[in-house]
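Peer 1: next come a sequence and a model predicted from it.
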Amino acid sequence: MSNQEYVKNRISSTDYETGQTTLRVEFEGETQMPESHDDLKVEAALALLESVDVKNYIEADLYTKAEEDYNEIIDVTKAIFMKDI
């Protein structure tokens, strides 16, 4: 018997000053974490990251922004998985 459950979930980011949703990601799939769906959240994050092409940052003359985003991804990932100690 599998301890997996199929779920569909949504993550939203809201600008609290305007009340506007600035980003929404929907994902669905098998989860081994029925309460939090954290395993699916990581899969969704990886899929989004794999779709990024740094050439687009460079073509838009946003090399500094690319570096900032890269550093934030590393910092957040370390913090989430408690590797920033």
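Peer 2: That came in fine, so what should we check first?
Peer 1: pull the number of nearby residues for H37.
Peer 2: 21 (other C-beta atoms under 10 Å). The way it works is simple: take the backbone N, C-alpha and C, and place the C-beta from them, glycine included.
Peer 1: isn't it up against I11?
Peer 2: No: at 9.6 Å, H37 and I11 do not qualify as touching, with contact defined as C-beta atoms under 8 Å.
Peer 1: list the contacts of stretch 48-58.
Peer 2: With contacts defined as C-beta atoms under 8 Å, 6 or more residues apart in numbering, stretch 48-58 is touched by 25, 63, 65-66, 69, 73.
Peer 1: try it again with 10 Å
Peer 2: For stretch 48-58, contacts defined as C-beta atoms under 10 Å, 6 or more residues apart in numbering pick out 25, 27, 59, 62-67, 69-70, 73, 77.
Peer 1: neighbour-wise, which one of these leads?
Peer 2: Neighbour count (other C-beta under 10 Å) singles out F27 as the most crowded of the contacts of stretch 48-58, with 18 neighbours.
Peer 1: picking that back up, which ones among the contacts of stretch 48-58 are found in helices?
Peer 2: Members of those lying in helices (criterion: DSSP state H): 59, 63-67, 69-70, 73, 77.
Peer 1: in a markdown table: the contacts of stretch 48-58, plus pLDDT and distance to Y6.
Peer 2: What follows is the contacts of stretch 48-58, written out as a markdown table (pLDDT from 0 to 100; distance: C-beta to C-beta, whole Å):
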| residue | pLDDT | distance to Y6 |
| --- | --- | --- |
| V25 | 88 | 18 |
| F27 | 90 | 12 |
| E59 | 97 | 39 |
| L62 | 97 | 38 |
| Y63 | 95 | 41 |
| T64 | 97 | 42 |
| K65 | 97 | 37 |
| A66 | 97 | 36 |
| E67 | 97 | 39 |
| D69 | 97 | 32 |
| Y70 | 97 | 33 |
| I73 | 96 | 28 |
| T77 | 95 | 26 |
